[in-house]
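Student: Let's see this in three dimensions:
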Amino acid sequence: MTHDEATSAPTLFRTLRRMNEYLSKDFLGGPKVLKAAWVINVQKGGTLPFVLLLMVLYDNYSTAAWVYLGLHGSYGLCWLLKHLVFPDPGWEERVTFGGAVNMWLFVLGLYWVAPFLLISDVLGAARPDPAPAVLGGAIVLYAVGVVIMMAADCQKYFTLRVQRGLITDGLFRLIRHPNYLGEMMIYASFAVVAGHWIPWLILAWVWGALFSTNIAMKEASMSRYPEWAAYKARTGRLLPKPWAWRRK
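Tutor: Next comes the predicted model:
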């Protein structure tokens, strides 16, 4: 991102971007020997065994626990598959050890709070499983979210290998950030199954401090293309505009 593109973003998001990058990449200084992807993949791939371990430790084999294991655990496997086939170049950047620790403290580790609350029920008496309709809705939300996230990242990766520029077709025809929408749907499904307000608070933090900042900075970068104004006018940031379904 050039200086002009960066300065076109709102001051708040430019400040948050600088803070996020320092905390996750440069914190405490020192050598940068760890790829951000390695740090992320450990958490993503470790989710299935972590949730299974919780089930064993707390002797909780409820329907909700198994459903959570299937959802969050399979998402971790999908993420590893995505990294092998069409990795995000942004995660190939190396970070300091302090940055890696912060990635766990402020984001990655927080994603494991939901299964801990669900399976250990440490905050109160044992709760009944969510209603079957709630679990079914969470599964639908998760499945659609995974498809949107994987398809968007795949389209973006292979399109940009052929030609740089705005991507305005496929999943990007209706919304400008389908990958973020898919990710939000996925983690929302985990919070639904967990059935506690704390996971929603964590998601509000991640979506508000990280996702919104990344989206704002990405749009500042895309604004350098001549076709940006028309593309922005006919698309939504995360949800389609009512008239966008009409193909021209």
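
Student: With adjacent residues omitted, what lies nearest to the residue nearest the centre of the chain?
Tutor: Nearest to the mean C-alpha position of the chain, counting by Cα atoms, centre = their mean, stands Glu183 at 4.2 Å. The shortest distance from Glu183 to any non-neighbouring residue, by Cβ to Cβ, 6 or more residues apart in numbering, is to Met149 (5.4 Å). All C-beta spots, glycine's among them, are computed from the backbone N, C-alpha and C.

Student: Could you identify the helix or strand that succeeds the helix or strand Asn214 falls within?
Tutor: With secondary structure defined by DSSP states H and E, Asn214 is part of helix 212-222. Moving toward the C-terminus from helix 212-222, the next helix or strand (DSSP H and E) is helix 228-234.

Student: now this structure, which segments are flagged as low pLDDT?
Tutor: The model of the chain has pLDDT under 70 over residues 1-8, 123-126, 243-248.

Student: which stretches of it form helices?
Tutor: For the chain, the helices defined by DSSP state H cover 3-7, 11-21, 36-57, 63-85, 97-103, 113-120, 132-162, 178-194, 197-205, 212-222, 228-234.

Student: I'd assumed Leu118 was in contact with Ala64.
Tutor: Yes. If you go by Cβ atoms under 8 Å, Ala64 and Leu118 touch, sitting 6.2 Å apart.

Student: between these two, who's got more neighbours?
Tutor: The residue with more neighbours, out of Ala64 and Leu118, is Leu118; 28 against 20, by other Cβ atoms under 10 Å.

Student: Quick check: the more buried one vs Ala133, distance?
Tutor: Separation of Leu118 from Ala133 (Cβ to Cβ, to the nearest Å): 18 Å.

Student: do the same with Ala220
Tutor: According to Cβ to Cβ, Ala220 and Ala133 sit 42 Å apart.

Student: can you check Leu201 too?
Tutor: Counting by Cβ to Cβ, the gap between Leu201 and Ala133 amounts to 24 Å.

Student: So for these two, which sits in the more crowded spot?
Tutor: Neighbour totals were compared for Leu201 and Ala133, and Leu201 leads with 12 against 8 (other Cβ under 10 Å).

Student: can you pull the contacts of the more buried one?
Tutor: Residues counted as contacts of Leu201 (Cβ atoms under 8 Å, 6 or more residues apart in numbering): none.

Student: circling back: and for Ala64 and Leu118, which residues touch both?
Tutor: 193, 195.

Student: For stretch 33-45, give me every contacting residue.
Tutor: With contact meaning Cβ under 8 Å, 6+ apart, stretch 33-45 is reached by 24-25, 75-77, 79-80, 83, 87-88, 90-97, 99-100, 103-104, 108-109, 111-112.
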